[in-house]
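Novice: This is a predicted model, with the sequence first.
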Amino acid sequence: MNELIDDGDPRAKVVGRRRAPLAGEAALKASLGLSRTALQIRKTPLKSPRGVFRFHTHEEANQWTMKNLTR
C-alpha cells in the first residue's frame, strides 16, 4: 500500500489521520462529557409526528421539518 502512495497513484489518497488515544485526565473528561450527553438524550426522547403529510412546496416541507426537529 505504501508503494502506491509513494508512486503518486491518484487512487491511493490519505483521507484522514489516526490520532493518538487520550490518556489520563483528558480521557476521563472526554468520557464524562459523553456520559452526560447520553443521559440528557435519554431523558428527552424524540417525539416526531407520525403519518403522511402533504405540502405544496419543498420549502414548506423543509420549514415544517425544521420546526418539528427543533422543538
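Specialist: Cool, the structure landed. Numbers count the residues shown, from 1 in each chain.

Novice: and Val52, how many residues sit next to it?
Specialist: Neighbour count for Val52, taken as other C-beta atoms under 10 Å: 4. The way it works is simple: take the backbone N, C-alpha and C, and place the C-beta from them, glycine included.

Novice: and if you look at Thr65?
Specialist: 13.

Novice: host element of it?
Specialist: helix 58-69 (DSSP states H and E).

Novice: for that helix, packing partners?
Specialist: Using 3 or more C-beta pairs under 8 Å, 6 or more residues apart in numbering; DSSP states H and E as the contact test, no helix or strand touches helix 58-69.

Novice: Pull it out as PDB, backbone CA atoms only.
Specialist: Provided in PDB are the C-alpha atoms of helix 58-69 (Å, rounded to 0.1, in the frame of the first residue of the first chain):
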ATOM      1  CA  HIS A  58     -40.400  21.700  -0.900                       C
ATOM      2  CA  GLU A  59     -39.800  24.900   1.100                       C
ATOM      3  CA  GLU A  60     -42.900  24.500   3.100                       C
ATOM      4  CA  ALA A  61     -41.900  20.900   3.800                       C
ATOM      5  CA  ASN A  62     -38.400  22.000   4.900                       C
ATOM      6  CA  GLN A  63     -39.800  24.600   7.200                       C
ATOM      7  CA  TRP A  64     -42.200  22.100   8.800                       C
ATOM      8  CA  THR A  65     -39.400  19.600   9.200                       C
ATOM      9  CA  MET A  66     -37.100  22.100  10.900                       C
ATOM     10  CA  LYS A  67     -39.900  23.300  13.200                       C
ATOM     11  CA  ASN A  68     -40.600  19.700  14.300                       C
ATOM     12  CA  LEU A  69     -36.900  18.800  14.700                       C
END
